[in-house]
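Participant: Starting from these lines, generate the structure:
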Amino acid sequence: MSLPSSHSSSIETPQTAIELTVNGRAYALRVEPRRTLLDALREDLHLTGAKPGCNMGQCGACTVLLGGEAVYSCLLLAVECQDQAITTIEGLARDDELDPVQQAFIEHDALQCGFCTPGQVLTLKALLQRNEHPTDEEIERAMSGNICRCGAYPKILAAARALAGRPL
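Facilitator: Numbering: from 1, shown residues only. Below you'll find the predicted structure:
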């Protein structure tokens, strides 16, 4: 049995005003306090490079850079990310020129379906910003939080080695 429409009530969820700096640009948003950074990026800002995969911080498809560090945007609340620079895959290229990590992924065919690629690229970018010449072990450890269901791992490692200035 359903109630007549005159008895139905809509519950409004409180909204919080926030400002996010994404790819060098400030955005004023009103969001529910429980809204994840991933949802704010995809639904409010229409930046769809970060992908919803597991929504549990286990696959890495939602990886973005927060203050230069690779983070899972599905695990962060948007309200927690104010006053920090957020970089998505859409903001990595400059002046229509791909970032060297993006270029290396293309040159080494380090992608297949592309679903995990933005997270992989941003994770490697964060590693190389911390350590310009990582060892294979350091690369594998840093990349271990990003799952590629297509199995492009050897080519991703080749791209990372090339960027680290080491032989493939």
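
Participant: use CA for all of it now, contacts and neighbours both
Facilitator: Will do.

Participant: mind listing what's buried in stretch 129-141?
Facilitator: 133-134, 139-140 (16 or more other C-alpha atoms under 10 Å).

Participant: just checking, which of these belong to helices?
Facilitator: Cross-referencing the buried residues of stretch 129-141 against helices under DSSP state H gives 139-140.

Participant: now, the most widely separated pair of the buried residues of stretch 129-141?
Facilitator: Longest distance between any two of the buried residues of stretch 129-141 is 13.1 Å, between His133 and Glu140; criterion C-alpha to C-alpha.

Participant: Quick one: low-confidence residue ranges for this protein.
Facilitator: 1-10, 168 (pLDDT under 70).

Participant: Run through the strands of it in chain order.
Facilitator: Ranges of strands in the chain, per DSSP state E, are 16-22, 25-31, 63-66, 69-72, 85-87.

Participant: now the third one: how far from the chain's centre is it?
Facilitator: Think strand 63-66. For strand 63-66, the separation from the chain centroid amounts to 5 Å (computed by C-alpha atoms, centre = their mean, to the nearest Å).

Participant: CA atoms only for that strand, dumped as CSV, please.
Facilitator: In CSV, the C-alpha atoms belonging to strand 63-66 read as follows (Å, rounded to 0.1, in the frame of the first residue of the first chain):
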residue,chain,number,x,y,z
THR,A,63,43.6,7.9,-8.2
VAL,A,64,44.2,11.7,-8.3
LEU,A,65,47.1,13.8,-7.0
LEU,A,66,46.4,15.7,-3.8
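
Participant: ok, back up a step: can you redo the buried residues of stretch 129-141 as CSV with distance to Glu107?
Facilitator: As requested, these are exported to CSV (distance: C-alpha to C-alpha, whole Å):
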residue, distance to Glu107
His133, 19
Pro134, 19
Ile139, 18
Glu140, 20
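
Participant: What is the nearest of the buried residues of stretch 129-141 to Tyr27?
Facilitator: For those, the closest approach to Tyr27 (C-alpha to C-alpha) belongs to Ile139, at 33.3 Å.

Participant: isn't that closest one right up against Ala160?
Facilitator: Yes: Ile139 lies in contact with Ala160 (C-alpha atoms under 8 Å); the separation is 7.2 Å.

Participant: what is in contact with the two at once?
Facilitator: Common neighbours of Ile139 and Ala160 (criterion: C-alpha atoms under 8 Å, 6 or more residues apart in numbering): Leu124.

Participant: Now Glu140: closest residue in space, sequence neighbours ignored.
Facilitator: Once flanking residues are discounted, Glu140 sits nearest to Leu157: 7.7 Å by C-alpha to C-alpha, 6 or more residues apart in numbering.
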